[in-house]
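In: Fold the stuff below for me.
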Amino acid sequence: MKYVIIRDDDTCAVTPIACLERLYRPFLDRGLPVNLAVIPNVNTRATFADGKEEGFLCFKGANEPAHRPIGSNPELLEYLRANPGFKALHHGYEHNYLEFDQNDPATMGRKLDEGRRYFEAAGFAPPQTFVAPYDQLSRASYREVARRFQLLSTGWFELGKLPPEWWPQLILKKALKRPHWRAGGLTMLSHPGCLLSYRKPLDTMLAAIQQTVGQNHLTVLVTHWWEYFYQGQTNEAYIAVLHQTAAWLASQPDIRVIPFSAIEDPGNAIIREALRQ
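Out: Residues are numbered from 1 along each chain as shown. So this is what the prediction gives:
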């Protein structure tokens with residue numbers, strides 16, 4: 001059996017319900033869970049490194065306050081509650097550029113704790129999976145995340161940013177070419193880059209997903225809802241590939257799509273096999 005986890009980043013208080021519905025109804029109707037990496041208290045002035053506005057803000061209102069807690073959008077919360085196939089992950093704090101790539105343990109810990117309070121105030125169960133903006137974490141952030149979460153989903157691991165006591169496990173992971181590993185009490189799942197991305201060619205996207213899933217016991221597929229509506233323009237061809245992915249995943253008897261919560265227990269058979277891969 002192969003396992004797939006769908007991770008969609010950057011849902012926040014200014015995310016339109018219509019966008020999530022347009023993208024993920026074919027997944028939900030097929031019983032395929034979708035993990036939404038939710039920003040607890042989004043900065044509505046957030047920018048990329050080049051100073052351009054973050055893509056997930058493309059539908060924000062004209063007079064938004066500087067920050068919007070996820071609980072400030074009751075319609076979105078009601079929609080997510082009505083569709084339990086959506087699973088909420090803890091995504092950063094306000095989503096400033098590289099906000100968790102800072103070596104200040106007190107600040108990193110405070111942001112994680114405050115983010116959790118925003119989740120609880122919105123009625124979410126405290127998430128056990130963390131996703132850092134841009135998949136970037138400092139050494140201090142790794143340690144603070146490990147104190148609070150069971151799982152970390154990220155793209156790659158740099159020796160110089162990890163706690164030194166984790167280095168032997170990382171060296172072993174690299175030697176054995178394992179995509180997933182465990183250290184410091186934290187299970188860490190890597191992903192093969194954003195295979196579902198507006199920067200990738202559409203004509204080979206599904207084939208790349210199929211090949212990657214076929215080669216791995218557990219694959220995390222990462223995408224971003226706003227890319228399908230970049231700068232307010234709906235990319236129908238790109239959405240079609242996403243929906244083709246849903247149809248393919250649902251049609252494969254040897255593939256099971258699961259939420260992160262299915263493997264939060266490090267003793268789970270799925271993650272045990274993935275760590276041996």
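In: What about the closest residue to Arg30 other than its chain neighbours, how many residues nearby?
Out: Spatial nearest neighbour of Arg30, excluding adjacent residues (C-beta to C-beta, 6 or more residues apart in numbering): Ala250 at 4.2 Å. Backbone N, C-alpha and C define where each C-beta goes, glycine included. Neighbours of Ala250 under the rule other C-beta atoms under 10 Å: 15.
In: Also Val222?
Out: Count around Val222 with other C-beta under 10 Å applied: 23.
In: Please report how far it lies from Ala106.
Out: 30 Å (C-beta to C-beta, to the nearest Å).
In: same thing with Pro168?
Out: For Pro168 relative to Ala106 (C-beta to C-beta), the value is 28 Å.
In: Next: Phe119.
Out: Counting by C-beta to C-beta, the gap from Phe119 to Ala106 is 21 Å.
In: which one of those two has more residues nearby?
Out: More crowded of Phe119 and Ala106, by other C-beta under 10 Å: Phe119, with 22 against 9.
In: where's the more buried one, which helix or strand?
Out: Assigned by DSSP states H and E, Phe119 belongs to helix 105-121.
In: and the next element down the chain from that helix?
Out: Following helix 105-121 toward the C-terminus (DSSP H and E): strand 129-131.
In: helices and strands around that following strand, which ones?
Out: When contacts are defined as 3 or more C-beta pairs under 8 Å, 6 or more residues apart in numbering; DSSP states H and E, strand 129-131 sits against strand 86-91, strand 151-153.
In: Using TSV, lay out those together with mean neighbour count.
Out: What follows is the helices and strands packed on strand 129-131, written out as TSV (neighbours: other C-beta atoms under 10 Å):
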stretch	mean neighbour count
strand 86-91	24
strand 151-153	23
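In: Format those as CSV; extra columns: distance to Pro65 and mean pLDDT.
Out: Listed next are those as CSV, based on distance: least, C-beta to C-beta, whole Å; pLDDT from 0 to 100:
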stretch, distance to Pro65, mean pLDDT
strand 86-91, 20, 98
strand 151-153, 29, 97
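In: Rebuild these as JSON lines, extending it with distance to Ala13.
Out: Converted to JSON lines, the helices and strands packed on strand 129-131 look like this (distance: least, C-beta to C-beta, whole Å):
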{"stretch": "strand 86-91", "distance to Ala13": "12"}
{"stretch": "strand 151-153", "distance to Ala13": "22"}
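In: buried sites along the helix holding Phe119?
Out: 107-109, 111-112, 115-116, 118-119 (16 or more other C-beta atoms under 10 Å).
In: swap in stretch 252-266?
Out: 255, 257-264.
In: mind putting these in TSV, distance to Trp181 included?
Out: Output for those, formatted as TSV (distance: C-beta to C-beta, whole Å):
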residue	distance to Trp181
Ile255	23
Val257	22
Ile258	19
Pro259	20
Phe260	16
Ser261	20
Ala262	18
Ile263	13
Glu264	16
